[in-house]
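K.L.:
need coordinates for the below:
(one chain, ligands or ions: 1)
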Amino acid sequence: MRLKWMAATALLLTGVSSVALAQTQAWFDKSKSADERARAAVAAMTLDEKLTLILSFTDPEQLAKQPDSIVSPEVKAIVNKEHIRGSAGYVPGIARLGIPAQWQTDASIGVRVQGMARTALPSSLATAASFDPAVTEAGGRMIAQEARLSGFNTFLAGGANLAREPRNGRNFEYVGEDPWLAGQMASGLINGIQSQHMVSTLKHFAVNDQESQRTTVNVTIAPEAMRQSDLLAFEFILEQSNPGSAMCAYNLVNGRWACENEYLLNKTLKQDWGFKGYVMADWGAVHSTVDSANYGLDQFTGFPCCGDRQPYFAPVNVKVALDKGDISQKRLDDMAQRVLWPLFSTGVFDNPAKVGPIDFKANAAVSQKAAEESLVLLKNAGNLLPLSGVKSVAMIGAHADKGVMSGGGSSGVTPVGGNPVEGQLEPKSWPGPVTYMPSSPVEALKAELPKAKIAYAGGEDIAAAVALAKSSEVAIVFVTQWMGEGMDGTLELKGNQDALVAAVAAANPRTIVVVQSGGAIFMPWKDNVGAILQAFYPGIRGGQAIARILTGKVNPSGHLPISFPASNAQLAHGTIPGFGKPDGVAVNITYHEGAAIGYKWYDVKGYTPLFAFGHGLSYTTFAVSDARATVEKGELTISAAIRNTGKTAGKGVIQVYVAPADYKAVGWEAPKRFVAFRKEAVAPGATSGTFTQKIDPRLLATYEVADNSWRIRAGTYQVLFGQAADDLPQSVTITLPDLTWSAVHK
Ligand code: BGC
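P.N.:
Next comes the predicted model:
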């Protein structure tokens with residue numbers, strides 16, 4: 001009897017196949033909208049089937065230890081059979097209705113499953129530096145194809161917290177400090193992913209900007225500031241890429257946990273922005289049954305991985321809340337509808353993922369291209385780069401003979417070809433192990449410069465490195481800053497790295513520094529070296545991309561998606577609350593800087609950063625031309641072109657900012673805002689086509705909490721054109737009229 005029942009439940013829950021009977025049902029009808037299909041499916045569900053959709057499992061071994069009253073033996077058996085080991089999560093399907101299971105995998109640079117070798121893109125911050133959403137879109141397509149061929153249909157990719165805190169250990173997973181740039185670059189990724197019939201996830205919602213005490217920190221921030229910065233980035237992403245899910249964060253926001261935060265989830269995301277997908281929780285970020293459900297959480301993800309491990313959305317607990325009337329049946333239906341909606345809207349339902357062979361060679365080429373578009377040439381005194389006709393090169397430090405660095409934590413991909421520093425570097429456990437991509441810059445440079453004598457020195461022994469640098473025409477020093485999830489860092493390089501660069505630069509005036517870092521670092525040696533190439537974490541073909549840029553095979557075209565501060569004294573917060581302490585200390589951080597993040601903060605304070613937002617050099621030179629700005633019916637439209645004024649083909653980036661005559665009088669947080677950008681490939685002496693864009697009016701407005709509106713204040717504004725936040729030589733004066741409109745999406 002029991003066996004029979006088990007078999008029936010298994011049939012009910014597995015995602016293996018659909019039942020012929022169900023196929024005549026409305027949710028199989030492709031001519032219907034995703035809304036209609038999801039609604040029809042929910043209407044056909046039993047209570048238990050709906051409850052199946054709102055709980056995602058991980059780690060079958062831990063799950064097996066849960067009481068049967070919380071997770072039935074049948075469900076445990078199914079999870080044990082179907083969950084892809086080492087992946088983030090699994091939601092059983094409902095075979096009776098043909099609803100597929102959800103196989104959930106991290107994250108934004110590729111498929112992360114422990115022990116499963118896959119292709120890694122450059123870090124998200126790196127590809128944000130491409131200033132070209134087509135680059136992140138191509139990356140998204142590639143990693144989604146790998147994910148589908150690995151058996152997944154849901155990607156936890158789409159990290160877009162603003163780099164408010166430069167020491168945040170996860171900045172490398174995000175897309176910079178500016179809402180418009182972050183919006184475009186993350187939308188590119190999500191559009192690429194979802195185009196392959198895969199659900200993608202906007203995360204971590206919201207203001208999860210420090211990793212120190214991430215599960216206990218309370219962020220205090222005015223709603224106006226949030227709507228004009230961190231939330232504005234998410235709003236753009238939602239509009240431009242329609243992610244199927246949004247992941248609420250670990251932290252508290254204004255005293256409420258992000259995963260039961262009515263302001264964030266119900267009011268902003270769902271009511272004002274009209275989000276149709278589901279809110280999933282970060283792993284271990286749920287703290288209640290009733291409040292979570294009522295304030296906006298739709299799916300408890302990753303049970304029983306972490307946090308307080310309480311089964312808040314286990315059927316037995318949700319049933320009690322339903323019986324008592326604490327959660328309404330209507331709300332449960334809404335949760336189920338939201339989880340189902342993206343399965344239809346992205347085509348997961350109609351195009352099931354199937355495990356199959358992956359073309360790693362082709363995919364590595366996509367990653368290399370992304371790196372080549374993204375590395376940022378920060379300095380190039382006397383045109384030291386590109387290297388040409390050099391006979392001897394000293395390459396020094398950072399295991400450049402073996403590979404390039406990647407970031408740690410749940411976004412870390414096990415690279416195809418393995419980790420060449422396996423077991424050699426600390427930390428060896430979470431958020432490590434420190435993983436390098438098997439793409440050696442030394443080997444790649446040898447391939448590019450077959451006639452040159454290229455020698456490598458490890459860098460631990462500064463004297464040996466100096467001797468090698470002295471006997472070589474050019475010295476290239478590699479420095480690293482390792483960052484990872486669950487930790488914040490410092491902007492000072494660790495160990496002897498600054499001393500090493502200084503000593504090598506003193507020995508050889510033709511010294512180039514290649515930086516691999518999570519985000520910004522300090523460079524006390526900046527003025528003493530010839531050239532600096534910022535590589536972030538450049539992905540599975542990072543070594544090749546670095547070598548091709550150093551030798552001029554590729555003309556660098558990346559621009560900084562973050563400001564590099566010149567000192568700790570320039571940071572908005574002297575210290576990160578709870579930094580360096582064991583997890584679990586309740587701390588508060590008040591974002592007194594409001595929406596003035598990154599370059600906006602530097603402008604407010606009058607600080608000169610080490611390198612400005614938007615900065616990036618090329619082997620040619622560019623000038624923005626034909627800058628125009630017009631206002632019609634209160635709408636600002638800009639246009640411009642870019643001219644290649646040098647002798648080499650290259651890609652230039654037009655950057656447009658707006659600056660009110662008096663920023664305080666119009667209620668802005670800072671003297672200028674970034675409003676538009678466009679990357680163009682231009683031949684020497686040629687001018688690109690004209691780039692025209694209507695400026696999103698929210699970038700000119702303030703959010704008015706009193707009546708939930710956006711408001712532009714009448715006045716004179718300058719539209720500034722150039723190639724970096726600190727290089728805006730052209731301006732057009734405009735007059736904007738007063739304009740107010742609702743913050744609720746139509
Ligand atoms: C991270 C998320 C990730 C999840 C699942 C959490 O620790 O914060 O970004 O998607 O784990 O692995």
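
K.L.:
residue of the stretch 451-600 of the chain closest to the ligand, please.
P.N.:
Distances from the stretch 451-600 of the chain to the ligand, computed as Cβ to the nearest ligand atom, single out residue 485 as the nearest residue at 6.1 Å. From N, CA and C alone the C-beta is placed, and that goes for glycine too.

K.L.:
that residue: neighbouring residues, count only.
P.N.:
With neighbours defined by other Cβ atoms under 10 Å, the count for residue 485 comes to 20.

K.L.:
so it sits against residue 410, correct?
P.N.:
Yes. Because the distance of 5.7 Å satisfies Cβ atoms under 8 Å, residue 485 is recorded as touching residue 410.

K.L.:
residues shared between the contacts of these two?
P.N.:
Contact criterion Cβ atoms under 8 Å, 6 or more residues apart in numbering; no residue bridges residue 485 and residue 410 by contacting each.

K.L.:
show the contacting residues for the residue of the stretch 451-600 of the chain closest to the ligand.
P.N.:
If a contact means Cβ under 8 Å, 6+ apart, then residue 485 has 169, 170, 173, 211, 408, 409, 410, 411, 431 as its contacts.

K.L.:
any idea how many residues pack against the second one?
P.N.:
Looking back up the chat, that one is residue 170. Look at residue 170: counted by other Cβ under 10 Å, it has 32 neighbours.

K.L.:
which pLDDT value goes with it?
P.N.:
pLDDT, residue 170: 98.

K.L.:
for residue 515, see how far away it is.
P.N.:
Distance, residue 170 to residue 515, using Cβ to Cβ, to the nearest Å: 18 Å.

K.L.:
equivalent analysis for the first one, please.
P.N.:
Counting by Cβ to Cβ, the separation of residue 169 from residue 515 is 17 Å.

K.L.:
distance of the nearest residue to the residue of the stretch 451-600 of the chain closest to the ligand once chain neighbours are set aside from the ligand?
P.N.:
Once flanking residues are discounted, residue 485 sits nearest to residue 409: 2.5 Å by Cβ to Cβ, 6 or more residues apart in numbering. With distances defined as Cβ to the nearest ligand atom, to the nearest Å, the gap from residue 409 to the ligand amounts to 7 Å.

K.L.:
again, but for residue 426
P.N.:
Residue 426 sits at a distance of 21 Å from the ligand (criterion: Cβ to the nearest ligand atom).

K.L.:
shouldn't that residue be in contact with residue 434?
P.N.:
Yes. Assessed by Cβ under 8 Å, residue 426 is found in contact with residue 434 at 7.1 Å.

K.L.:
which one of those two has more residues nearby?
P.N.:
For residue 426 versus residue 434, the count of surrounding residues by other Cβ under 10 Å is larger for residue 434: 23 against 9.

K.L.:
worst mean pLDDT across the helices and strands of this structure, which element?
P.N.:
Least confident helix or strand, the chain: helix 2-13 with a mean of 42, by mean pLDDT, DSSP states H and E.

K.L.:
distance of the residue of the stretch 251-400 of the chain found nearest the ligand from residue 442?
P.N.:
Among the residues of the stretch 251-400 of the chain, residue 283 lies closest to the ligand, at 3.9 Å counting by Cβ to the nearest ligand atom. The span separating residue 283 from residue 442 equals 38 Å under the rule Cβ to Cβ.

K.L.:
ok and the residue in the stretch 301-450 of the chain nearest the ligand?
P.N.:
When distances are taken as Cβ to the nearest ligand atom, the stretch 301-450 of the chain approaches the ligand most closely through residue 410, which lies 3.8 Å from it.

K.L.:
endpoints of stretch 98-117, how far apart?
P.N.:
By Cα to Cα, to the nearest Å, the extent of stretch 98-117 from end to end equals 31 Å.

K.L.:
quick check: mean pLDDT of stretch 414-425?
P.N.:
Regarding stretch 414-425, the rounded mean pLDDT is 97.

K.L.:
check stretch 40-60 too.
P.N.:
When the per-residue pLDDT values of stretch 40-60 are averaged, the result is 97.

K.L.:
so it, near the ligand or not?
P.N.:
No. Counting by Cβ under 6 Å from any ligand atom, the ligand is not contacted by stretch 40-60; separation bottoms out at 7.9 Å.

K.L.:
so for that stretch, what gets flagged as buried?
P.N.:
By neighbour count on 16 or more other Cβ atoms under 10 Å, the buried set for stretch 40-60 is 40-42, 44-45, 49-60.

K.L.:
rewinding a little: following element in sequence after the least confident helix or strand of the chain, please.
P.N.:
Helices and strands here follow DSSP states H and E; after helix 2-13, the next one along the chain is helix 34-43.

K.L.:
so what secondary structure elements neighbour that next one?
P.N.:
In terms of contact count using 3 or more Cβ pairs under 8 Å, 6 or more residues apart in numbering; DSSP states H and E, helix 34-43 is assigned the packing partners helix 329-345.

K.L.:
which elements pack onto whatever helix or strand comes next after the helix it packs on?
P.N.:
Next in sequence after helix 329-345, counting helices and strands by DSSP H and E, comes helix 360-374. Contacts of helix 360-374 with other secondary structure elements, assessed using 3+ Cβ pairs under 8 Å, 6+ apart, are made with helix 124-128, helix 133-149, helix 542-550.
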